[in-house]
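Visitor: Coordinates for the following, if possible.
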Amino acid sequence: MKRCFWMLLVALFCLPALRAQNLVIGARVADLKVSEYVVGQQPDDNRPVLVEFFFSASEPSRKRIPVLDDLARRQAGKVSVVLLSREGADKIVPLFEGTNYAFAVALDDEGKTFDAYGVKFVPFSVLLDAKGRVLWFGNSSRLTSQDLDGLLAK
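Guide: Residues are numbered from 1 along each chain as shown. All right, here's what the predicted structure looks like:
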């Protein structure tokens, strides 16, 4: 009986993690709610977008910056890459000011996109087609340029 209790307790604690994101492959998702683009420009509506959810205090998120830059350069013209943070401009602008990254940096000050997409951890990315449907989502450290090519070819 004691063993069943512990198994039930562990299952209850793990349940929220199973529903970490509100996304389904192929489903249309809420539009990006961006208060401001602090680096780069709003992505072209006619191409897929890779949205990287970012938090400046997260070391894994910061380590993704050069990888995202490389990915954005390799995929230039095929995919727009947007790094999205729910932090204020006072924290984000100094990190990217004067840089020449190939991706845009945007602010989700009110956290509407983070909430709509159900983002609970970073690094996390969502690849959307030109119509706003989810092609891929997950831990962005597992997404390579070759993976992206394969996803876009479908």
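
Visitor: Determine the three-state secondary structure at the residue nearest to Val93 when sequence neighbours are not counted.
Guide: Nearest residue to Val93, sequence neighbours excluded (CB to CB, 6 or more residues apart in numbering): Val38, at 5.3 Å. Yep, even glycine has a C-beta here, placed from its N, CA and C like the rest. Put simply, Val38 is strand when judged by DSSP: H, G, I helix; E, B strand; the rest coil.

Visitor: show me what contacts Val38?
Guide: Contacts here follow CB atoms under 8 Å, 6 or more residues apart in numbering; on that basis Val38 touches 89, 92-93, 96, 105-107.

Visitor: Equivalent analysis for Val122, please.
Guide: Listed by CB under 8 Å, 6+ apart, the contact partners of Val122 are 53-55, 58, 60-61.

Visitor: And Val34, by the same measure?
Guide: Counting by CB under 8 Å, 6+ apart, Val34 makes contact with 42, 82, 84, 106-108, 113.

Visitor: Most neighbours among the contacts of Val122, which one is it?
Guide: Neighbour counts for the contacts of Val122 peak at Phe54, which has 27 neighbours (criterion: other CB atoms under 10 Å).

Visitor: I figured it hits Leu84, correct?
Guide: Yes - taking contacts as CB atoms under 8 Å, Phe54 lies within contact range of Leu84: 6.3 Å.

Visitor: Next one, pLDDT for the residue nearest to Val93 please.
Guide: At Val38, the model reports a pLDDT of 91.

Visitor: Tell me the spacing between it and Ser125.
Guide: Distance, Val38 to Ser125, using CB to CB, to the nearest Å: 19 Å.

Visitor: And for Pro48?
Guide: 12 Å.

Visitor: higher neighbour count, the two?
Guide: Higher neighbour count among Pro48 and Ser125: Ser125, with 26 against 23, using other CB under 10 Å.

Visitor: So the more buried one, which state does it fall into?
Guide: Assigned with three-state DSSP, Ser125 falls in the strand class.
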